[in-house]
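Asker: Predicted model and sequence follow; I will ask about them next.
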Amino acid sequence: MADQTPDFWARADRSLLDRWPKDADGRPEQAVRLTLQSELDGMADITLSMLEGYGIPAFKNGTQGKVIFGFAEHGVDICVPASRLEEARALLEAAPDDGSPDGQ
């Protein structure tokens, strides 16, 4: 995500910049791709909520192709700070994937 436009943070969730880790110079840490998820089934928003619940700031990127009911037909990238990538991966791997709260 090194090619983020200067207005990226203005277009994202207004408080995301406040929650995003900063480098030694006070600039936002680089965002990296965690996963590609569908917007059609709500999984992208569920994943964002889960990550935020664990204190990992995250956002959706790449909504090109919004032709079906206003959703990204090919999915969206979920991005997190580079320093939190491994923690976010571990959370996704541990999350139940069958739709039930306890994985049963």
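Answerer: Thanks, I have it.

Asker: I figured Cys79 was touching Val32, is that so?
Answerer: Yes: checked against C-beta atoms under 8 Å, the pair Cys79 and Val32 is within contact range at 6.4 Å. Quick note: C-beta positions are derived from backbone N, CA and C, even for glycine.

Asker: How are the strands of this protein distributed by residue range?
Answerer: Here the chain has its strands, by DSSP state E, at 31-37, 59-61, 66-68, 71-72, 76-81.

Asker: Pick the most deeply packed of those strands.
Answerer: Compared across the strands of the chain, strand 76-81 shows the largest average neighbour count, a mean of 23 (mean count of other C-beta atoms under 10 Å).

Asker: Sheet-wise, list the partners of it with their directions.
Answerer: strand 31-37 (antiparallel), strand 59-61 (antiparallel) (DSSP bridges).

Asker: Tell me which residues are up against the shortest one.
Answerer: Applying C-beta atoms under 8 Å, 6 or more residues apart in numbering, the external contacts of strand 59-61 come out as 1, 12-13, 16, 31, 33, 39, 44, 48, 76-79.

Asker: Next one, pLDDT for Asp98 please.
Answerer: At Asp98, the predicted lDDT confidence score is 55.

Asker: Great, nothing more from me.
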